[in-house]
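*Asks:* Pasted the sequence and its predicted model underneath.
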Amino acid sequence: MRKSSFVLAALLGASLVGASVAQAADAVKIGILFPLTGNAAAAGQAAKAAVEVATDIVNNDHPELSDIPLAKGAGLPGLGGAKIELVSVDHQGNPSVAQQQTLRLITQEKVQALVGAYQSSCALTATAVAERYGIPFVVGDSVAGNITGRGFKWTFRVTPLAADFGDAYMSFIADARKAGKQIRSIAIINENTDYGTSVAEAIEGAAKKANIPVAARIPYSASSTDVSAQVLQLKDKQPDLVIFISYTADAILYMKTMKSLDYTPPMVLGDDSGFSDPSFIPAVKDIAQGAMNRSAWDIGKPGSTSYKINEMYKAKTGHDLDDTSGRDLQAFLTLAEAINRAGSTEPAKIQAALKATDLKPNQLMMGYRGVKFDGTGQNILASTYLIQLKGDSYELVWPFDRTQNKLEWPMKGWR
Amino acid sequence: MLLLQVIVGGLLLGAIYALFSSGLTLIWGMMNFINFAHGEFVMLGMYAALLAAIWLGGGPAVFGFASLLALFVLGVIIYISLIRHVMRGPMLAQILSTFGLALLLRYTAFWLFSANVVSMPETVLSGNLNIGGILVSVPQLIAGVIAAALTIAMHLLLTRTTIGSKLLAVAEDRNAAMLMGIRPDGMQALAWGLSAGSAGIAGALMAMSYPWSPSVGETFGLTAFVVVTFGGFGSVPGAMYAGLIIGLIQALSAYYLGPIYKDVVVYALFVALLWLRPQGLMGKA
């Protein structure tokens, strides 16, 4: 009698726990904003696929990725195994659409956190809406300086920002000069929205500090159908290193126009974005051999965590993960780890958990020194590598002490 | 020498502007009908060229003709299935129908071809010519010359042939043309075919030197409207001159003032011209 009532009580208790777990295990809704149509649609769709891979890593059991927090076991253990549900929207690369869509995600879809948004101009408007409603927004890949630093309390950025790139490029130039490469002056070609302008300004500032002459700074519109004027100017000024801050179609057009005007600078350095777009290499691999690019992403050796994640992504999309989408994948994993630690879907608790984030390099799939946010929400441990196009893929070439691959200088280009 | 290089580049680009704009002006001159989907025709021409280059191989003669043919057929189909019917509706319905058509074509292209930026295989045509120190890329030179020739051919077709006379007769007075035994429907279907076909071949020519994605039609559509208004609605020679002038102004201002100012210069001149000559360069007042 006593024994049976004990069993009964235990069963009752178990069912109560079960009920409360079931309640806690309601899915966590996260809104993602990318340009799924428009000029940057290829990059936006790659980013969306990367975030979907990240969701798979969190929601399903992936013991083979045990370095990555939440990969082992299914769902978020801190929330009783709750799964993450994505709500994806398309902002078309248009800042006002980004603003409306963020509003819709928060008020209609009731998302608990947001990730986005590729173009910096769209990240700027979207984070402003999230700030007004007090919803955490994790910026994965938009690098304009002013996205953080506006006093916002709900914006967190995992990616390195414009100023970090400026410094990285200057230390690369210093290292390259030490290695005997001649770099007398540089040129900066930038698309003229928030992204290109802020990165170009950061590079120009860093160059001034490092006493490296800037032979030309040329802003242009990314939707140009003709860039020969810019290339002719470069040909005239003869810089030793040309830094392109460009989106996809324009980056390809520059490479083709350089060929048609019979010009190759000693080195071209792309600031990620267009140079990392999945369309870039197939379009220009025969004419842009040796072009450099920035990336915090390296596929790594077979068997490594990054290699396995790349395999998952490749199975889904048919191409390798690139730096831009890799940074979004990392941002999403960072957010999931914070939500799990918060043990709650309450925005304020997620915000507090994000502030306390402290991820070590071995817990990351990107080559950052860690993830830790400062008072403005910027990751202070973000950093970048430089890579070079050899054959039909990029190889890590800088920092020189991190790799065996040799930097080819000058670039071969189309010759 | 540098100045000459800039001028040559601008004129070659302008010739292509002229070709795809002449199709837009043809529809306007024939039917008083504004086609907002014209830029999308250029975009589809680019994809048609790419598919032809992959499937059939061969040079610009093959894929240029394939684009022309594909878009001619598409233009006729669109006229028969859509335009003929909305022409009976109010002006607003006409404007919105082609606007809707533009979106339909653009997003169908997204669906069929994905959003990735594509370009013609490098092997199709490449190389440079050095003409007395001025570098001209072979694809651009061929594109520019063919575009100019086709625009002139279009003008001659309209002014020197029976078909042209019939087309113009329908444009002038539909009822009178019918009394003379001309079928306006057939003529207008032909006009749509020619218009879309010229956009298609212009797209094929552009594709030789420019990378593109389905959203590229937006840029071309806007350019075509500016060229047509500049040159005078309904005038093929007007579109020809306007295309060349705009290409030239863009190239010169991009080089001397900086690429972000080139559209400012073009549109400032555009507004100034309309102020002085609202009918455009060669339009009838």
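*Replies:* It's in. Numbering: from 1, shown residues only, chains lettered A, B, ... in the order given.
*Asks:* Run the contact check for the lowest-mean-pLDDT helix or strand in chain B versus chain A.
*Replies:* Counting by mean pLDDT, DSSP states H and E, chain B has its least confident helix or strand at strand B:128-131, which shows a mean of 80. Yes - using Cβ under 8 Å from any Cβ of the partner chain, strand B:128-131 reaches chain A at B:Asn128, B:Asn130. C-beta here means a position set from N, CA and C on the backbone, and glycine is covered the same way.
*Asks:* Kindly report the same for stretch B:31-51.
*Replies:* No - using Cβ under 8 Å from any Cβ, stretch B:31-51 stays clear of chain A, with a minimum separation of 10.7 Å.
*Asks:* can I get the CA coordinates of that stretch in CSV?
*Replies:* What follows is stretch B:31-51 as a C-alpha-only set of coordinates in CSV (Å, rounded to 0.1, in the frame of the first residue of the first chain):
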residue,chain,number,x,y,z
MET,B,31,1.6,52.6,-79.4
ASN,B,32,2.0,55.5,-76.9
PHE,B,33,2.7,52.7,-74.4
ILE,B,34,5.4,52.8,-71.7
ASN,B,35,7.1,49.5,-71.1
PHE,B,36,8.5,49.3,-67.6
ALA,B,37,9.7,45.7,-68.2
HIS,B,38,12.3,46.8,-70.8
GLY,B,39,15.3,46.5,-68.5
GLU,B,40,14.1,43.0,-67.7
PHE,B,41,14.2,42.1,-71.4
VAL,B,42,17.8,43.1,-71.4
MET,B,43,18.4,40.9,-68.3
LEU,B,44,16.7,37.9,-69.9
GLY,B,45,18.7,38.5,-73.1
MET,B,46,21.9,38.1,-70.9
TYR,B,47,20.7,34.8,-69.5
ALA,B,48,19.6,33.6,-72.9
ALA,B,49,23.1,34.4,-74.2
LEU,B,50,24.7,32.5,-71.4
LEU,B,51,22.5,29.4,-71.9
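*Asks:* Show me what the mean pLDDT comes to for it.
*Replies:* Per-residue pLDDT over stretch B:31-51 has a mean of 92.
*Asks:* Show me which positions of that stretch end up buried.
*Replies:* Going by neighbour count (16 or more other Cβ atoms under 10 Å in any protein chain shown), the buried part of stretch B:31-51 is B:31, B:33-50.
*Asks:* Please pull up the helix or strand immediately following the least confident helix or strand of chain B.
*Replies:* strand B:134-137 (DSSP states H and E).
*Asks:* for that next one, packing partners?
*Replies:* Counting contacts by 3 or more Cβ pairs under 8 Å, 6 or more residues apart in numbering or on different chains; DSSP states H and E, strand B:134-137 packs against helix A:248-260, helix B:2-31, strand B:128-131.
*Asks:* List the pairing partners of that strand within its sheet, with orientation.
*Replies:* Partner strands for strand B:134-137, per DSSP bridges, with pairing direction: strand B:128-131 (antiparallel).
*Asks:* and for the partner strand, what are the contacting residues?
*Replies:* For strand B:128-131, contacts defined as Cβ atoms under 8 Å, 6 or more residues apart in numbering or on different chains pick out A:Ser260, A:Asp262, B:Leu135, B:Val136, B:Ser137, B:Val138, B:Leu141.
*Asks:* before we move on, the earlier item: show me the buried residues of stretch B:31-51 that map onto helices.
*Replies:* The helices in this structure, assigned by DSSP state H, contain B:31, B:38-50 from the buried residues of stretch B:31-51.
*Asks:* what would the residues you listed look like in a markdown table with distance to A:Phe332?
*Replies:* Converted to a markdown table, those look like this (distance: Cβ to Cβ, whole Å):
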| residue | distance to A:Phe332 |
| --- | --- |
| B:Met31 | 52 |
| B:His38 | 41 |
| B:Gly39 | 36 |
| B:Glu40 | 35 |
| B:Phe41 | 40 |
| B:Val42 | 38 |
| B:Met43 | 33 |
| B:Leu44 | 36 |
| B:Gly45 | 39 |
| B:Met46 | 35 |
| B:Tyr47 | 33 |
| B:Ala48 | 39 |
| B:Ala49 | 39 |
| B:Leu50 | 34 |
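*Asks:* Closest one of those residues to B:Ser21?
*Replies:* B:His38 (8.3 Å; Cβ to Cβ).
*Asks:* which residue packs closest to the closest one, ignoring adjacent ones?
*Replies:* Spatially, and ignoring its direct neighbours in sequence, B:His38 is nearest to B:Leu24 (4.7 Å; Cβ to Cβ, 6 or more residues apart in numbering or on different chains).
*Asks:* quick one, what contacts the one you found?
*Replies:* B:Asn35, B:His38, B:Ser195, B:Ala199, B:Ala224, B:Phe225, B:Val227, B:Val228, B:Ala239.
*Asks:* could you redo the last one with a cut-off of 10 Å?
*Replies:* B:Leu24 makes contacts with B:34-36, B:38-39, B:41, B:195, B:198-199, B:221, B:224-225, B:227-228, B:233, B:239, as judged by Cβ atoms under 10 Å, 6 or more residues apart in numbering or on different chains.
*Asks:* ok, A:Ala42 - contacts?
*Replies:* Neighbour list for A:Ala42: A:35-36, A:247-249, A:277-280, B:114-118, B:213 [criterion: Cβ under 10 Å, 6+ apart].
*Asks:* Spell out the secondary structure type for it.
*Replies:* At A:Ala42 the chain is in helix, as set by DSSP: H, G, I helix; E, B strand; the rest coil.
*Asks:* name the element the closest residue to it other than its chain neighbours belongs to?
*Replies:* Counting by Cβ to Cβ, 6+ apart, the nearest residue to A:Ala42 once its immediate chain neighbours are dropped is B:Asn116, at 4.4 Å. Element membership for B:Asn116 (DSSP H and E) is empty, with no helix or strand holding it.
*Asks:* From start to finish, how long is stretch A:202-221 in a straight line?
*Replies:* Distance across stretch A:202-221, first residue to last, is 19 Å (Cα to Cα, to the nearest Å).
*Asks:* ugh, wrong one, I meant stretch B:118-130
*Replies:* End to end - Cα to Cα - stretch B:118-130 spans 28 Å.
*Asks:* Show me how chain A divides into domains.
*Replies:* What the record gives for chain A is the domain set A:9-160+A:301-383, A:163-295+A:386-402, from automatic domain parsing.
*Asks:* Do me a favour and average the pLDDT over the last one.
*Replies:* Domain A:163-295+A:386-402 shows a mean pLDDT of 92.
*Asks:* cool, stretch B:189-204 as well?
*Replies:* 93.
*Asks:* could you show me where the strands are in chain A, in order?
*Replies:* With DSSP state E, the ranges of strands along chain A come out as A:28-34, A:84-90, A:113-116, A:137-139, A:155-157, A:186-191, A:214-220, A:241-245, A:267-270, A:292-295, A:385-390, A:393-398.
*Asks:* Can you point out the buried residues in the third one?
*Replies:* Applying a neighbour-count criterion of 16+ other Cβ under 10 Å, one finds A:Ala113, A:Leu114, A:Val115, A:Gly116 buried in strand A:113-116.
*Asks:* Any idea which of the domains of chain A gets closest to B:Leu104?
*Replies:* Of all the domains of chain A, domain A:9-160+A:301-383 comes closest under Cβ to Cβ, at 13.7 Å.
*Asks:* Grab the most central residue of chain B for me.
*Replies:* Nearest to the mean C-alpha position of chain B, by Cα atoms, centre = their mean, lies B:Phe20 at 1.0 Å.
*Asks:* for the stretch 151-285 of chain B, which spans come out with low pLDDT?
*Replies:* B:284-285 (pLDDT under 70).
*Asks:* If we use 80, what do you get?
*Replies:* In the predicted model, the stretch 151-285 of chain B carries pLDDT under 80 at residues B:283-285.
*Asks:* if we can go back for a sec, which two of the contacts of strand B:128-131 have the greatest separation?
*Replies:* A:Asp262 and B:Leu141 (14.2 Å).
*Asks:* Show me which of the two is the more surrounded one.
*Replies:* Neighbour totals were compared for A:Asp262 and B:Leu141, and B:Leu141 leads with 17 against 14 (other Cβ atoms under 10 Å in any protein chain shown).
*Asks:* my guess is the more buried one contacts B:Pro60, does it?
*Replies:* No - the pair B:Leu141 / B:Pro60 is not scored as a contact, 11.2 Å apart, by Cβ atoms under 10 Å.
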